[in-house]
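**Student:** Could you look at this predicted model? Sequence included:
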Amino acid sequence: MRYFSYFFLLLILFSCQKNKTNKLTSKNGDELYSKGESLFNKDNDSAYFYFNQALEFYKKNNDSVSSSSTLIYLSFIQNSEGDYYGSVEASIEALKFLGNKKNNITSIYNSIAIAKNNLKEYDEAVSWYEKALSSTDDINDRALIINNISISLSREKEYKKAINNLESIKIDNSNIEKKLRRKIMENLVYIRFLNDSSYNALPQLLEFLELRKKENDIYGISASNSHLSNYFFKKDKSQSLFYAKEMLLNTKKINNPDDKLEALEKLILLETPDNSKKYFHDYQALNDSIQTVRAKSKNQFALIRYDTEKEKSENIRKQNHILKQYIVIAVLFVSLCFSFFWYKKRKKRLKQQKELEVKNTQIKYSKKVHDVVANGLYHTMMQLQNNPEFDKDRTLNDIEKMYEESRDIARDDLEELQDKDFSQRLAEMLNSYSSEKHKVLIVGNNSKKWDNLSNNTQMELFYTLRECMINMVKHSNARLVSIKIEKNENFLKIKYTDNGDGMDFFEKKSSSGIRNMENRIATIKGKIIFEKNITKGLVIHITIPT
């Protein structure tokens, strides 16, 4: 029991260690997600960090929908910071998490399309926009996606397709948001102008600009100024320059570097050579700054992912270490259990062996008493009965011999057959059962037959044959008995035959005697077979290896 106490102490120790590890690493994914949302478009580096941490938590808990939502935010952040390829990669991973589910599918397709559009891969952008369009029934979403498709088509100079798409939108539908309807209408007017330079778009473009100024739509004002500058580019350079400068002033309010680059590019082309140099330097500095910031953002995102993966790998390493510890404990526990049960089984086996030894000893001494005392006395009785001339001194000598043998029963080194030639003693024993009622015939008994046989073998055969003779006198009513002894290179064979009542009667009267003889012959690795005599009586075959 002491070993089991040690085991449970170790188990408690490692359980505490594991719980401590879980406490340090298992943060609430929803809290991290909410923190990222609060920082989105304010501090995108920090927002990215929290979303990435939330993603690992959701992955760990097999929450595919939350993982997909988090990846969409990550793709938006990467898109806004210029990491377009990273944005596409995050969106594709979000699709894999969703599988056959439709949650957020429109946002994912749209995010990929925006990234492709920023990469100037307009054909692919249109393809992803069309997937987003087929995945939603929301009227505002559909209108916005069709508008984006038209812009991508116009950049590929496919103006007629872009116009047809925009005209397919029911602009007068009151369910479409007012600002979105105005954006679609202005884009339609502007693309009609791009398709046909003679188209008079000026009144409507000016109207849209004024409406946006009234609504203080700063992003819309930049778009309108850009459209007007492009409209006047070939018609009136001064007007084009005016709207380009207006666009540059407006970008300072919204701090949109891409719109600012577009305005500076226009000014470089429209200004006088002296003034354009200044705008060129500003353009070059801003472009370099944008590239540096975006490269820094890409590196920052990569570093955040690296740190997360590193932390994840460290957690896996710790978990593997704990797992190994548990395996060692399990092996130790199994070994202890095996050792305990093996010890109990061995103890039981040794006890059984001891009990068997005691029982065998009891059987051994019981046989000794039976052979030496009981059968010895019966043998002496038969000698007195069958030989009237048997003298007193010889009787006393035989009884004294039985007395001495009975004292030495417990001695394993007793050599009872060394006092005279075995063949002679065997003959005397067998002949002692010969009388007027029983005729005993011995064939082949000579000293050479018993050479190379151990004292133990001789003793067991002696007692077995004496058992046969006693059973014959007691039970079989045989008139004639023969004992034939043969020997070859491998075996000594003894054949006992009588003409008594036969095998069935013998088994009925002397079943214990049969078992006793079988046990004796088995101990000297021999065989004994009992069978009916063909005419009448019993035949016993004894075979002993020499």
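**Tutor:** Done, it's in. Residues are numbered from 1 along each chain as shown.

**Student:** quick one: low-confidence ranges for the stretch 401-546 of the chain?
**Tutor:** 401-420, 505-510 (pLDDT under 70).

**Student:** scratch that, the stretch 201-350 of the chain
**Tutor:** 293-300, 302-303, 305-316, 318-319, 321.

**Student:** Check the secondary structure at Tyr199 for me.
**Tutor:** Assigned state for Tyr199: coil (three-state reduction, DSSP: H, G, I helix; E, B strand; the rest coil).

**Student:** gap between it and Asp63?
**Tutor:** Look at Tyr199 and Asp63: by CB to CB, to the nearest Å, they are 53 Å apart. Just so you know, the C-beta spots here come from the backbone N, C-alpha and C atoms, and that holds for glycine as well.

**Student:** Counting neighbours around each, name which of these two comes out higher.
**Tutor:** Asp63 (18 against 14; other CB atoms under 10 Å).

**Student:** ok, the more buried one to Ser69 distance?
**Tutor:** Going from Asp63 to Ser69 by CB to CB gives 10 Å.

**Student:** repeat for Asp43
**Tutor:** 20 Å.

**Student:** So for the two, which sits in the more crowded spot?
**Tutor:** Higher neighbour count among Asp43 and Ser69: Ser69, with 23 against 12, using other CB under 10 Å.

**Student:** Report pLDDT for that one.
**Tutor:** Looking at Ser69, its pLDDT is 90.

**Student:** Any figure for the gap between it and Leu269?
**Tutor:** 44 Å.

**Student:** Same check on Glu37?
**Tutor:** 42 Å.

**Student:** and what of Gln458?
**Tutor:** 132 Å.

**Student:** again with Leu71
**Tutor:** From Leu71 to Leu269 the distance is 41 Å (CB to CB).

**Student:** So between those two, which is more surrounded?
**Tutor:** Leu71 (27 against 14).

**Student:** Check for me that that one belongs to a helix.
**Tutor:** Yes - when three-state DSSP is applied, Leu71 is found to be in a helix.

**Student:** Surely it is in contact with Ile92?
**Tutor:** No - look at Leu71 against Ile92 with CB atoms under 8 Å: they stay out of range, at 9.0 Å.

**Student:** check contacts around Tyr159.
**Tutor:** 153, 191-192, 194-195 (CB atoms under 8 Å, 6 or more residues apart in numbering).

**Student:** okay, the closest residue to it other than its chain neighbours: pLDDT?
**Tutor:** Of all residues beyond its chain neighbours, the one nearest Tyr159 is Asn195 (3.6 Å), with distances taken as CB to CB, 6 or more residues apart in numbering. At Asn195, the model reports a pLDDT of 93.

**Student:** what does Ile363 give?
**Tutor:** 63.

**Student:** now Ile399
**Tutor:** pLDDT, Ile399: 68.

**Student:** What of Tyr6?
**Tutor:** 39.

**Student:** in the helix or strand containing Lys131, what counts as buried?
**Tutor:** In this assignment (DSSP states H and E), Lys131 forms part of helix 122-134. Neighbour-count burial for helix 122-134, counted by 16 or more other CB atoms under 10 Å, picks out 122, 124-129, 131-133.

**Student:** ok, now stretch 421-432?
**Tutor:** Buried residues in stretch 421-432 (16+ other CB under 10 Å): 422-423, 426-427, 429-430, 432.

**Student:** can you map out the strands along the protein?
**Tutor:** 439-443, 480-487, 491-498, 527-532, 538-545 (DSSP state E).

**Student:** show me the contacts for the nearest residue in space to Leu55 that is not next to it in sequence.
**Tutor:** Nearest non-adjacent residue to Leu55, counting by CB to CB, 6+ apart: Thr70, 4.6 Å away. Contacts for Thr70 were tallied using CB under 8 Å, 6+ apart; they are 33, 36, 51, 54-55, 58.

**Student:** let's go with 10 Å and repeat that
**Tutor:** Going by CB atoms under 10 Å, 6 or more residues apart in numbering, Thr70 touches 29, 32-33, 36, 50-59, 63, 90, 94, 97.

**Student:** among those residues, which are in helices?
**Tutor:** 29, 32-33, 36, 50-59, 90, 94, 97 (DSSP state H).

**Student:** on that earlier part again, what residues does the helix holding Lys131 touch?
**Tutor:** Contacts to helix 122-134, defined as CB under 10 Å, 6+ apart, come from residues 88, 91, 105-119, 121, 141-142, 144-158, 161, 165.

**Student:** Against Asn100, how distant is Ser91?
**Tutor:** Applying CB to CB to Ser91 and Asn100 gives a distance of 17 Å.

**Student:** These two: who's more crowded?
**Tutor:** Ser91 (27 against 4).

**Student:** That one touches Phe76, doesn't it?
**Tutor:** Yes - counting by CB atoms under 10 Å, Ser91 touches Phe76, with 9.4 Å between them.

**Student:** So for the two, which residues contact both of them?
**Tutor:** With CB under 10 Å, 6+ apart as the test, Ser91 and Phe76 both reach 107, 110-111, 114-115.

**Student:** which one of those residues is nearest Asn255?
**Tutor:** Using CB to CB, Ile114 is the member of those that lies nearest Asn255, at 19.7 Å.

**Student:** ok so, going back, overlap in contacts, Asp63 and Ser69.
**Tutor:** Shared contacts of Asp63 and Ser69, defined by CB under 10 Å, 6+ apart, comprise 54-55, 97.

**Student:** Throw the residues you listed into CSV and include pLDDT, distance to Asp259 and neighbour count, thanks.
**Tutor:** Shown next, in CSV, are the shared contacts of Asp63 and Ser69 (pLDDT from 0 to 100; distance: CB to CB, whole Å; neighbours: other CB atoms under 10 Å):
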residue, pLDDT, distance to Asp259, neighbour count
Ala54, 90, 32, 28
Leu55, 90, 32, 29
Phe97, 86, 34, 23
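
**Student:** For the stretch 101-250 of the chain, just list every one of the helices.
**Tutor:** 105-118, 122-134, 139-155, 159-167, 178-195, 202-214, 218-232, 237-254 (DSSP state H, counting those that start in this stretch).

**Student:** so of those, which one's packed in deepest?
**Tutor:** helix 105-118 (a mean of 23; mean count of other CB atoms under 10 Å).

**Student:** Just the C-alpha atoms of that helix, please, in CSV.
**Tutor:** The C-alpha trace of helix 105-118 is given here as CSV (Å, rounded to 0.1, in the frame of the first residue of the first chain):
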residue,chain,number,x,y,z
ILE,A,105,-19.1,33.9,-46.7
THR,A,106,-20.1,37.2,-48.4
SER,A,107,-17.6,39.1,-46.3
ILE,A,108,-14.8,36.6,-47.1
TYR,A,109,-15.4,36.8,-50.8
ASN,A,110,-15.6,40.6,-50.7
SER,A,111,-12.3,40.8,-48.7
ILE,A,112,-10.5,38.7,-51.3
ALA,A,113,-11.9,40.8,-54.1
ILE,A,114,-10.8,44.1,-52.5
ALA,A,115,-7.3,42.7,-52.0
LYS,A,116,-7.2,41.6,-55.6
ASN,A,117,-8.4,45.0,-56.8
ASN,A,118,-5.7,46.7,-54.7
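
**Student:** Output the contacting helices and strands for that helix.
**Tutor:** helix 64-80, helix 84-98, helix 122-134, helix 139-155 (3 or more CB pairs under 10 Å, 6 or more residues apart in numbering; DSSP states H and E).

**Student:** Any idea which of those helices gets closest to Tyr326?
**Tutor:** Nearest of the helices and strands packed on helix 105-118 (CB to CB): helix 64-80, 29.0 Å.

**Student:** Thanks a lot, see you next time.
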